[in-house]
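this one's structure only:
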């Protein structure tokens, strides 16, 4: 008999028919007459109840069925008279694939803390919580591709290894094949990278944006979706050393087009999750964040407020709220400032624009005031900034001047400047940290809980 996934058992056409299911045991209970097993196969947060009539099975047959064991059951799918489930399976045959010793299996039937489960990241996807999170994550990844593909964007794979000069760049992971115990040195006593695999210093990428701009100025509209790496020693609930980024880049776009795209994109992803992962979202709302669904609908139901950084700072300065970090024009706004604008002042998502050039990247287009750049940050409740982007500086002379002003080695930027030298066009784009999006949609509070195997300082397990 062909296996049926548990998520499909709840479709009416299977009721009253013989079915075959396979999965992992969540719980087993009962008495000498009847035994009940809750089985889950990862396809849904719902378990299916298996009913073993002990007139047909022996204690010895059921002895291996403990929490965590893997089994196959053939039986009749019937309506359930018990509470908590609509259908159940009356078992006919049983096959045990793998046992799980109750003395050593760490995920017994009890409440486990999220901190404990991080130490068991190889097993935590079997829990209801992490099964739900990973299914939502998968659906959001599909929604991202679907959104851009439906709008004529091309998926561009940008390099994970970058050859820009990363010496002394503390936020980048160096990539090398040199023997660290016997490094070759040049006449100046420095590491001789000509002997390295790529013949120069290389590092893991912190962003695919610059290469994305090359794609956009040829294909018109592209998006990247891949892993990025930051070697910041940040042990916070909002930072990972390895995470995934989505970075669309569009030729002939200005900042207004960019804001429109960002708002449409984020709403599309959230609606897709609500439409396709409602059981998982409801489970997470019930157990972790009872305001989750309301907050997701809050984003969908409101047009995003758009205002300048200068206006935002003025609102913050005039508020009577006591902030931990000071607010002044030129300050890099903290999460508490961003959340105040969203949650307290406007009670809507906010897009802040026109930031001081000193706190933004070199490639952002300078405004006519020569003090601010055409940056945009999308601010959300509970999380603060979720998207950051800008209209890019397309003028060769202005971009070159900015690169020199910031002492960025020109030899590493020649290829980037060529896009301004040969057929330059206005263009814009933004970046969304995928885990920040998953964090928002699942209602979790620690970013380490929305990626299967988190990489953080002093932690590269599994």
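Structure's in. What do you need? Just so you know, these numbers come straight off a predicted model, no measurement behind them.

go through the strand or helix carrying residue 401 and flag the buried ones.
For residue 401, the host element (DSSP states H and E) is helix 396-405. Of the residues in helix 396-405, those buried under the neighbour-count criterion (16 or more other CB atoms under 10 Å) are 399, 400, 402, 403. Quick note: C-beta positions are derived from backbone N, CA and C, even for glycine.

average pLDDT across it?
Here helix 396-405 scores 91 as its mean pLDDT.

just put the buried residues of helix 396-405 in CSV and tack on distance to residue 435.
Formatted as CSV, those follow (distance: CB to CB, whole Å):
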residue, distance to residue 435
399, 31
400, 35
402, 30
403, 31
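
among the residues you listed, which pair sits farthest apart?
400 and 402 (7.3 Å; CB to CB).

list the residues that contact both of the two?
The overlap between the contact sets of residue 400 and residue 402 (CB atoms under 8 Å, 6 or more residues apart in numbering) is empty.

nearest residue to the residue of the chain most remote from its centre in space, please, no chain neighbours.
Relative to the centre of the chain, and counting by CA atoms, centre = their mean, the farthest-placed residue is residue 55 at 49.5 Å. With CB to CB, 6 or more residues apart in numbering as the criterion, residue 55 has its nearest non-adjacent residue at 7.8 Å, and that residue is residue 33.

for that neighbour, what are its contacts?
By CB under 8 Å, 6+ apart, the neighbours of residue 33 are 53, 54, 55.

for the second one, report the pLDDT, please.
At residue 54, the model reports a pLDDT of 96.

these two touch, right, it and residue 36?
No - the criterion here is CB atoms under 8 Å, and residue 54 misses it with residue 36 at 11.2 Å.

one step back: helix, strand or coil for the residue farthest from the centre of the chain?
coil (DSSP: H, G, I helix; E, B strand; the rest coil).

stretch 377-389: end-to-end distance?
6 Å (CA to CA, to the nearest Å).

pLDDT (mean, whole number) over it?
Mean pLDDT, stretch 377-389: 95.

how far off centre is that stretch?
Its chain's C-alpha centre and that of stretch 377-389 lie 14 Å apart, by CA atoms, centre = their mean, to the nearest Å.

which elements pack onto the helix or strand harbouring residue 72?
Element membership for residue 72 (DSSP H and E) is strand 70-79. Where contact means 3 or more CB pairs under 8 Å, 6 or more residues apart in numbering; DSSP states H and E, strand 70-79 is packed against strand 18-30, strand 34-40, strand 48-53, strand 87-98.

give me the buried positions along the third one.
When you say that, I think you mean strand 48-53. Neighbour-count burial for strand 48-53, counted by 16+ other CB under 10 Å, picks out 48, 49, 50, 51, 52.

repeat for the first one
For strand 18-30, a neighbour-count test (16+ other CB under 10 Å) marks 19, 20, 21, 22, 23, 24, 25, 26, 28 as buried.

the last one now?
Buried positions in strand 87-98, judged by neighbour count with 16+ other CB under 10 Å: 87, 88, 89, 91, 92, 94.

run through the bridge partners of the closest residue to the fourth one other than its chain neighbours.
Same thing as residue 91. Closest residue to residue 91 apart from its sequence neighbours, by CB to CB, 6+ apart: residue 75 at 4.4 Å. Judged by DSSP bridges, the bridge partners of residue 75 are residue 19, residue 91.

residue 75 against residue 89, yeah?
Yes - counting by CB under 8 Å, residue 75 does reach residue 89; the two are 4.2 Å apart.

okay, now the residue lying closest to residue 434 once chain neighbours are set aside: neighbour count?
Once flanking residues are discounted, residue 434 sits nearest to residue 244: 3.9 Å by CB to CB, 6+ apart. Residue 244 has 20 neighbours, counted by other CB atoms under 10 Å.
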